[in-house]
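J.: my questions concern the predicted model and sequence given below.
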Amino acid sequence: MFGYYCNLAVRSFRRNRMLTALMVLAIALGIGASMTTLTVFHVLSGDPIPAKSDRLFHVQLDPEPMTGYTAGGEPSRNMTRFDSETLLHEARGKRQAFMSGGFVALEPEGASPYFTDARYTTGEFFPMFDAPLAFGRGWSAQDDADAARVAVISAETNQKVFGGGDSTGKTLRIDGNAFQVIGVLAPWRPTPRFWDLNLDGFEPLESVFVPFSAAMDAKLSRMGSMSCWGDSSGIDSNARNAPCAWLQYWVELDSPGDAAAYRDYLLAYSEQQRQAGRFVRPANVRLRDVRAHLDYARIVPGDVRLQVWLAFGFLLVCLVNTVGLLLAKSLRRASEIGVRRSLGASRKAIFAQFLVEAGTIGVAGGIAGLAVALCGLWAVRQAPSAYAELARLDPTMLLTTFVLSIVATLLAGLLPAWRATQVMPAIQLKSN
Amino acid sequence: MHVHPIVSSLRRHRTAALLIVLEIALTCAIVCNALFLIGERIDAVRRPSGIAERELLQIRLSGIGPQTDAGARTREDLAALRAVPGVVGATVTNQLPFYRFSSSNSGVSLTADQAQPTLHAARYHADETTIATLGIRLVAGRDFLPDEYMDVAEVEALDGSEGMRGATIVTASMAERLFPGEQAVGRTVYFGPIPLTIVGIAESLARPSPSDGEGTFSFLLPIRLHYNNGGTYLIRVSDPARRDAVLAAAVAALEAVDPDRLILAHSAYEAIRADYFRNDREMIGLLSTVSIVLLVVTAFGIVGLASFWVQQRTRQIGVRRALGATRAQILRHFQIENFLLTSTGIVLGMALAYALNQLMMGRYELPRLPLAYLPVCTVLLWALGQAAVLWPALRAAAISPAIATRAA
């Protein structure tokens, strides 16, 4: 029967070429726009580290003075150096690391120097974030303690500075200082670059990683947000005791269930600092896992969310439009239905026939919509935003396109199909 | 022409009529809000900066590692830049209006011991030539005096805030907020514990990032920066048409002073500004495209349904023509029918538009949809409906009375 209905559908399309083309076009535009925006949204709101995103936590304390305090307000997103170093030293999580962004000059041999992103962090950064190493290793706690001049570089930097291959043991000049390369990362692009959302989260991976202690020692230049309080003029804001928040602190726990205990530990730490006179506000801590932290930081740009809404509104109008046109078509074919009904076709059969017809339009609209979505994504990739190159259709979205298109048109076909079953065969036969 | 027969004929096509109304309503709600968003973005993109945009060029450079005597090197650089043909001014400052790379803002208070600053504003650092080079217009008071300027090294060497000399120039909007309706020149404000005397009022100077707060709250401090302390060079040219040539010559001049530095970026200010508003321009394009396509889709929907009606009523129209109805009356029948449907859709759409706007106000911190958009959308949709129905209506009007006599 299905084949016969498809046959009937194609015949009916031939008879109303313009109307059919219009419906397919409208569906295609609606589906195309929706899938383009949804793909961008999907890419931007993805989980950068699915294997352990529920066990990695971003830590926030509230070391600021009473000025501007509101109860329950959000504490600073960054940590002070004093608290970061103390928490790291106490090591109550499975792994922990703190870090800051940097902006440094690299000097490849025989080529002109260039500026690039760096990250100053502590040794457990690499195992904690599952950083894939192609060669060598990350650095040890001892290297952190010694402010060892060692570096881990990205695959891209390895290519650019050393021409690829195993570069461990080679010397890399960073801001005029010699660092020894001890590790080379495999190609890696966590999206977003979730560990520091003060910066654009969709930038590619930092080029070079060095121990925080070594970066401070060599006075490498810092990048990212910093807020200081009190009379901080004339103080070295990077100093251990400076009243400035500028470091991102992350902890890995054995299981998501350990979060409550760790939060208690942070509260106890805050209380202890308050008694010591360092903290003045009532204990106010945050411990968010990766996804919660991404949500809190509103990582998906507002414009992208708006575009998704807009596209689905557009799709809705296209569907209403399709309902109208399908209805017009089915009513126009009242006499044909009358003949089929009086020859023994049941209402069910008529309903099925019209739904198949709507579904066929859905398939055609889906294919054309896919083309529209591919064009749309191509256009997105031409834009200069940091996430542009990520806007690609994956198999999930491809499948979603077709399912959405067919489901949407079947829904649109329900009303016209039902109306078709209401045709009275006797009246139709008589009037013809 | 009576409306009554049109309404009763519509009653016989309730579902189809309802679908048109629904489609118009949805289109109206979306297009109304889209037009509003477009208007908002256009306002953003057009926001004035308060500086001589077309004549300014920026060069950022950096040395590798710590730089010795960057202050003296900066003076040398500026002298070299001023010697480039076509350059009428060169200065060093910490930030720019609509500047993506950095922004520094500070609290300003009316008293020294205030717990919360009165307002936050962008803090610009100026040397002797900054105001003239940027083309900032003073509307009251005066420029900084030569002995008010300090080198940034001098400021950094100070122990705490002692010895900080205090003069500032604020924008007119900031002065108005600090001292509403009063003369601000000569008054004292506090930057942390440091008292600053307002010596001049600038007409306008936008903040690097308007999202930091009130877009034109800015103040200038007479502090001479150097290139390695967050300072970037700004050059003013005499002829905007020769910007590119002057920029190339300026970069060459800086490289001649010290080839061991890296030029991080060099561009015309207009490019910096264009980059800042890139997303807004993209959204304007996108929203316009979607609105137009949406209107086209809606129009085709109307054409489709109206043609169907015409076809279905062919005999009925023939009878009316045979009974003496003129072509114009038949034409008008479909036009009024469309007008009624569109109007119903618009009324529904307005309510929807406001609901949508409420939703967006909550989610995206948008202002309320101004009433002025409603008549615009109404006229737009009326015109669209009439244009869409014209072709089917003309076909209806062309039906000859002879149809009525044809056997069914």
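T.: Received, thanks.
J.: now the strands for the chain?
T.: Using chain A here. Using DSSP state E, the strands of chain A run over A:56-60, A:95-106, A:114-121, A:133-136, A:150-153, A:171-174, A:177-185, A:208-211, A:222-223, A:227-228, A:244-245, A:248-252, A:286-289.
J.: actually chain B
T.: Using DSSP E, strands in chain B cover B:56-63, B:87-93, B:105-108, B:119-125, B:138-141, B:150-151, B:167-171, B:188-191, B:194-202, B:218-221, B:223-224, B:232-237, B:261-268.
J.: check A:Ser233 and give its pLDDT.
T.: You'll see A:Ser233 listed with a pLDDT of 59.
J.: low-confidence ranges in the chain?
T.: I'll assume chain A. A:230-235, A:428-432 (pLDDT under 70).
J.: correction: the question concerned chain B.
T.: The model of chain B has pLDDT under 70 over residues B:1-2, B:66, B:157-165, B:407-408.
J.: quick one, what contacts A:Pro256?
T.: A:Asp54, A:Arg55, A:Asp289 (Cβ atoms under 8 Å, 6 or more residues apart in numbering or on different chains). (C-beta placed from N, C-alpha, C; glycine too.)
J.: of the residues you listed, buried ones?
T.: Neighbour-count burial (16 or more other Cβ atoms under 10 Å in any protein chain shown) applied to the contacts of A:Pro256 gives A:Asp54, A:Arg55, A:Asp289.
J.: contacts only, for the last one.
T.: Taking Cβ under 8 Å, 6+ apart, we find A:Asp289 in contact with A:Ser53, A:Asp54, A:Arg55, A:Leu56, A:Phe57, A:His58, A:Pro256, A:Ala259.
J.: nearest residue to residue 310 in space, please, no chain neighbours.
T.: I went with chain A, as the question did not name one. Among residues not flanking A:Leu310 along the chain, B:Val290 sits closest, at 5.8 Å (Cβ to Cβ, 6 or more residues apart in numbering or on different chains).
J.: hm, I was asking about chain B
T.: B:Ala396 (4.4 Å).
J.: burial of that neighbour, as a residue count?
T.: The number of residues packed near B:Ala396 is 23, by other Cβ atoms under 10 Å in any protein chain shown.
J.: that one and B:Ser307: what is the separation?
T.: Going from B:Ala396 to B:Ser307 by Cβ to Cβ, to the nearest Å gives 9 Å.
J.: circling back: OK, contacts around the residue nearest to A:Leu310?
T.: A:Ala33, A:Leu310, A:Ala311, A:Phe314, B:Ile30, B:Ala34.
J.: from A:Gly102, how far off is the residue in chain B positioned nearest to chain A?
T.: In chain B, the residue that lies nearest chain A is B:Gly65 (3.1 Å; Cβ to the nearest Cβ). Note on B:Gly65: its distance to A:Gly102, by Cβ to Cβ, is 14 Å.
J.: can you check A:Arg286 too?
T.: A:Arg286 is 25 Å from A:Gly102, by Cβ to Cβ.
J.: please apply the same query to B:Glu176.
T.: From B:Glu176 to A:Gly102 the distance is 41 Å (Cβ to Cβ).
J.: could you check which of these two is surrounded by more residues?
T.: Counted by other Cβ under 10 Å, B:Glu176 and A:Gly102 do not tie: A:Gly102 has more neighbours, with 25 against 14.
J.: wait, doesn't that one sit right on A:Met223?
T.: Yes: counting by Cβ atoms under 8 Å, A:Gly102 touches A:Met223, with 5.7 Å between them.
J.: what sits in contact with each of the two?
T.: A:Asp117.
J.: what's stretch A:152-171 in contact with?
T.: Against stretch A:152-171 from outside (Cβ under 8 Å, 6+ apart): A:106, A:108, A:116, A:126, A:131, A:133-136, A:138-139, A:172, A:178-188, A:204-210.
J.: which ChimeraX command selects the buried ones in these?
T.: To isolate the buried ones among these in ChimeraX, judged by 16+ other Cβ under 10 Å, type:
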select /A:106,116,126,131,133,134,135,136,138,139,172,179,181,182,183,184,185,188,204,205,206,207,208,209,210
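J.: can you narrow the contacts of stretch A:152-171 to ones near chain B?
T.: By Cβ under 8 Å from any Cβ of the partner chain, no member of the contacts of stretch A:152-171 lies near chain B.
J.: what's the burial count for A:Asn241?
T.: For A:Asn241, using other Cβ under 10 Å, the count is 11.
J.: who are the contact partners of the closest residue to it other than its chain neighbours?
T.: Excluding the flanking residues, the one nearest A:Asn241 by Cβ to Cβ, 6+ apart is A:Phe82, at 5.8 Å. Contact analysis of A:Phe82 by Cβ under 8 Å, 6+ apart lists A:Arg240, A:Asn241, A:Arg278.
J.: which one among those residues gets closest to B:Leu286?
T.: A:Arg240 (48.6 Å; Cβ to Cβ).
J.: what's near enough to touch the closest residue to the closest one other than its chain neighbours?
T.: Counting by Cβ to Cβ, 6+ apart, A:Arg240 lies nearest to A:Arg81, which is 5.2 Å off, once chain neighbours are set aside. Contact analysis of A:Arg81 by Cβ under 8 Å, 6+ apart lists A:Asn238, A:Ala239, A:Arg240, A:Asn241, A:Ala242, A:Cys244, A:Trp246, A:Leu247.
J.: phi and psi next, for the nearest residue to B:Leu134 once chain neighbours are set aside.
T.: With sequence-adjacent residues excluded and distances taken as Cβ to Cβ, 6+ apart, B:Leu134 is closest to B:Ile51, at 4.4 Å. Note on B:Ile51: backbone dihedrals following degrees, to the nearest 10 are phi -120, psi 170.
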